[in-house]
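J.: Got a sequence here, can you build the structure:
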Amino acid sequence: MSLPAIIPAPQDITATEGALTLSPDSTISGEPTYADALRRILTPATGLPLRQAGGVDSADGTIVVFEDTSLEPEHYTLEVAGDQLTITAADLAAANWAAQTLRQLLDTEAYLPAGGGRTDWQVPGVKVVDGPRYSWRSLHFDPARYFKPVPEVLRFIDQMAMHKYNVLHFHLTEDQGWRFESKKYPKLNEISSWRRESKNHLWEEGDGTPEGGYYTQDQLRGIVAYAAARGINVMPEIEFPGHVSAALAAYPEYAVPGFPTPEPAPRWGIMDDVLNMTDESMQFVYDIWTEVLDIFPFTHVHIGGDEAPRTQWLESEHSKKLAAERGLPGPDHLQAWFTAQLRDFLEARGRTVVAWDEVIDEGPAPGVVIHAWRARTDAAKRALEAGQQIIQAPTTYTYFDYYPSTSNDERYFIGGDLPLEKAYSFDPGADAANEEQASLILGTSAQLWAEYSPTFRITEYLAWPRACAHAEVAWSAPEKKDWADFEARLTRHIARLEANGINVRPLAGPHPWQQGGTGLWRRPDSHRKETEAALD
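T.: Here you go, the predicted structure:
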């Protein structure tokens, strides 16, 4: 028999004798928490109740799931033998990944609502031994540019779980909008959460339409719980000291004095607005993070740190005086000081800090995990040489807001081309000079910036199938990667995504309704001249 098209590719999959039938009478036995995880995925997929049979040590079910703590984290085995399917899982995440693999072993209808009404399912005879290459496999989600309601966030989490991603990087604040409810600073909700209009780089005028929204703290707790049940941690990102126009519009007392009070930015790009590095501003930051930490239990938190211009600090006599008082060579070192202060605050509360790679431009940032994104710099290598952990996220391989192809049929996106095959070719370990440096690479992240994704359907189009490729980059061993084999598996996998209602981009090119056409969202002439080579 031909082996099933599993994405991401497992460590090992072999055929066994026979096949298993799942029916309304089928049951699950074994570790109840893990059984619940399987049921949470498989019951909506198949329409079968999969009732519990026996207790934690019972092996009476059609599907039996056991915990095996001798396995490495997130590792599992799955085997069909006779009239039973046995899963061993290292932990709850591994049980989730086993369930996702089992779903892919079923027919495409398992991705329809309630299995399309089917009442019986064939599971082929296989043995799967599996676990991830990297412990960090994240997708970045940006509702700060265009707000995405809670149901869409949950939908995205489900899509991540299908592909065994384990970290949702939740980008909650930006120049253009603040999406985190603060009870201590309510003007962030009233003023910072919306902008008067949106204007991109090429439009002569804005769209004249207000845009905004924010998540309540209770909604965020629900998102965290929903993700955790599916094996996914949620890492919040609160941007400081740059990308703060929206926040400073509500609380201008924390802005550098002598400059105009900003508004929540109606346009894209890098704003000059930065935080004023006073004790009062730092208390504002600490207060915000105290609220954030109460909601997000994940060990890692993201403090932003990218694209913070020095312009206001360098022009401000006040900032020059502050820098001197803090013993800094000049105001251009205020960000390094800020990073160290916030790192200490968060470490004292049991959290590990993640930040964009600009935080090491003035030198190493000990204790900070570097989110290495600037492909044209040596930031990743510098961080590794300094002994810092990194998350690999170079623009040239992982920025999925880039065009999926050079085709002129694509709608208007931010620029640059990142085709599927290039995304698949990425090796996060390539920057490591030795085994010690390789051990500092936690994993990899793909980014879905949303300046040009006003709807969730467009976000889906940018993500899938490139995030399928990235999932395999993060999960599968390098020797398991093979483009031709992946492309063949992906053809079958795309049918699953389409059955699930995902606005996936076909391998042959966009559907007519996914194209830019000839109107406002057509691919602009200036972007038609760009090539993939220009990004290297």
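J.: Write down the beta-bridge partners of the most centrally placed residue in the chain, one by one.
T.: Nearest to the mean C-alpha position of the chain, by C-alpha atoms, centre = their mean, lies L139 at 1.6 Å. When assigned by DSSP bridges, L139 has beta-bridge partners L168, A446.
J.: correct me, but it touches Y165?
T.: Yes: with contact defined as C-beta atoms under 8 Å, L139 and Y165 form a contacting pair (5.4 Å). All C-beta spots, glycine's among them, are computed from the backbone N, C-alpha and C.
J.: and for the two, which residues touch both?
T.: A467 (C-beta atoms under 8 Å, 6 or more residues apart in numbering).
J.: a helix runs through V128, doesn't it?
T.: No: in this structure, V128 is strand, not part of a helix, as judged by DSSP: H, G, I helix; E, B strand; the rest coil.
J.: Look up the closest residue to it, ignoring the ones flanking it.
T.: Of all residues not flanking V128 in the chain, L78 sits nearest, at 4.3 Å (C-beta to C-beta, 6 or more residues apart in numbering).
J.: So which residues make contact with the helix or strand encompassing the one you found?
T.: Assigned by DSSP states H and E, L78 falls within strand 76-81. Contacts to strand 76-81, defined as C-beta under 8 Å, 6+ apart, come from residues 16-20, 71, 85-90, 94-95, 97-98, 101-102, 123-131.
J.: Filter those down to the ones in helices?
T.: Taking DSSP state H as the definition of helices, the contacts of strand 76-81 contribute 94-95, 97-98, 101-102.
J.: domain parsing for this protein?
T.: As recorded under automatic domain parsing, the domains making up the chain are 12-130, 136-535.
J.: Give the buried residues for stretch 146-160.
T.: By neighbour count on 16 or more other C-beta atoms under 10 Å, the buried set for stretch 146-160 is 146-148, 150, 152-153, 155-160.
J.: and what of stretch 389-402?
T.: 389-402.
J.: that older thread, sheet partners, orientation included, of the strand holding L78?
T.: strand 84-89 (antiparallel), strand 121-130 (antiparallel).
J.: so which of the ones you listed is the most packed in?
T.: strand 84-89 (a mean of 23; mean count of other C-beta atoms under 10 Å).
J.: contact partners of that one?
T.: By C-beta under 8 Å, 6+ apart, the residues outside strand 84-89 that reach it are 20, 30-31, 34, 38, 59, 61-68, 71, 75-79, 95, 98, 102, 123.
J.: can you check stretch 201-218 too?
T.: The contact list for stretch 201-218 (C-beta under 8 Å, 6+ apart) reads 143, 146-147, 149-150, 172, 177-181, 183, 189, 193-199, 223, 264, 266-269, 291, 294-295, 412, 520, 524, 526.
J.: Likewise for stretch 507-523?
T.: Contact with stretch 507-523 is made by 203, 403, 405, 407-413, 420, 461, 465, 487, 490-491, 494, 503, 505, as judged by C-beta under 8 Å, 6+ apart.
J.: before we move on, what about stretch 367-376?
T.: Residues outside stretch 367-376 that contact it (C-beta under 8 Å, 6+ apart): 300, 302, 306, 339, 343, 347, 352-360, 379-380, 383, 388-399, 442, 445, 447, 535.
J.: Which of those residues fall within helices?
T.: By the criterion of DSSP H, membership of those in helices covers 339, 343, 347, 379-380, 383, 395-398.
J.: Skipping adjacent residues, who's closest to E487 in space?
T.: Leaving aside its chain neighbours, E487 sits nearest to L507 (7.4 Å; criterion: C-beta to C-beta, 6+ apart).
J.: neighbours around the one you found, how many?
T.: L507 has 11 neighbouring residues, counting by other C-beta atoms under 10 Å.
J.: three-state assignment of it?
T.: Looking at L507 with three-state DSSP, the answer is coil.
J.: measure it to V368 for me?
T.: Between L507 and V368 the computed distance is 39 Å (C-beta to C-beta, to the nearest Å).
J.: do N166 as well
T.: Here N166 is placed at a distance of 21 Å from V368 (C-beta to C-beta).
J.: same deal with Y185?
T.: 25 Å.
J.: same question, A467
T.: Remark: distance between A467 and V368 (C-beta to C-beta) = 26 Å.
J.: likewise D60?
T.: D60 is 50 Å from V368, where distance means C-beta to C-beta.
J.: Which one of those two is surrounded by more residues?
T.: With neighbours defined as other C-beta under 10 Å, D60 and V368 compare such that V368 has more, 26 against 13.
J.: The more buried one pairs with what?
T.: Counting by DSSP bridges, V368 forms beta bridges with V353.
J.: ditto for Q52
T.: Counting by DSSP bridges, the residues bridging with Q52 are I28.
J.: That one contacts E31, doesn't it?
T.: No: counting by C-beta under 8 Å, Q52 sits too far from E31 to count as a contact (10.8 Å).
J.: okay, the two: which has more neighbours?
T.: Shown here are Q52 and E31; by other C-beta under 10 Å, E31 has more neighbours (24 against 16).
J.: So, low pLDDT: which residues of this structure?
T.: 1, 529-536 (pLDDT under 70).
J.: so where do the strands sit in the stretch 251-400 of the chain?
T.: In chain order, the stretch 251-400 of the chain shows strands spanning 300-302, 352-356, 368-372, 390-392, with DSSP state E, counting those that start in this stretch as the criterion.
J.: deepest of those, which one?
T.: Comparing the strands of the stretch 251-400 of the chain by mean neighbour count (mean count of other C-beta under 10 Å), strand 390-392 comes out on top with a mean of 28.
J.: Could you give the number of residues near D482?
T.: Residue neighbour count, defined by other C-beta under 10 Å, stands at 13 for D482.
J.: quick one, what contacts it?
T.: Counted by C-beta under 8 Å, 6+ apart, D482 has zero contacts.
J.: With H140 instead?
T.: Shown in contact with H140 (C-beta under 8 Å, 6+ apart): 169, 171, 393, 445-449.
J.: same check, this time on L448
T.: For L448, the contacting residues are 139-142, 400-401, 459, 462-463, by C-beta under 8 Å, 6+ apart.
J.: One more: S26?
T.: Counting by C-beta under 8 Å, 6+ apart, S26 has contacts 48, 50, 61-63.
J.: thinking I303 is in contact with P241, fair?
T.: No: taking contacts as C-beta under 8 Å, I303 lies outside contact range of P241: 9.4 Å.
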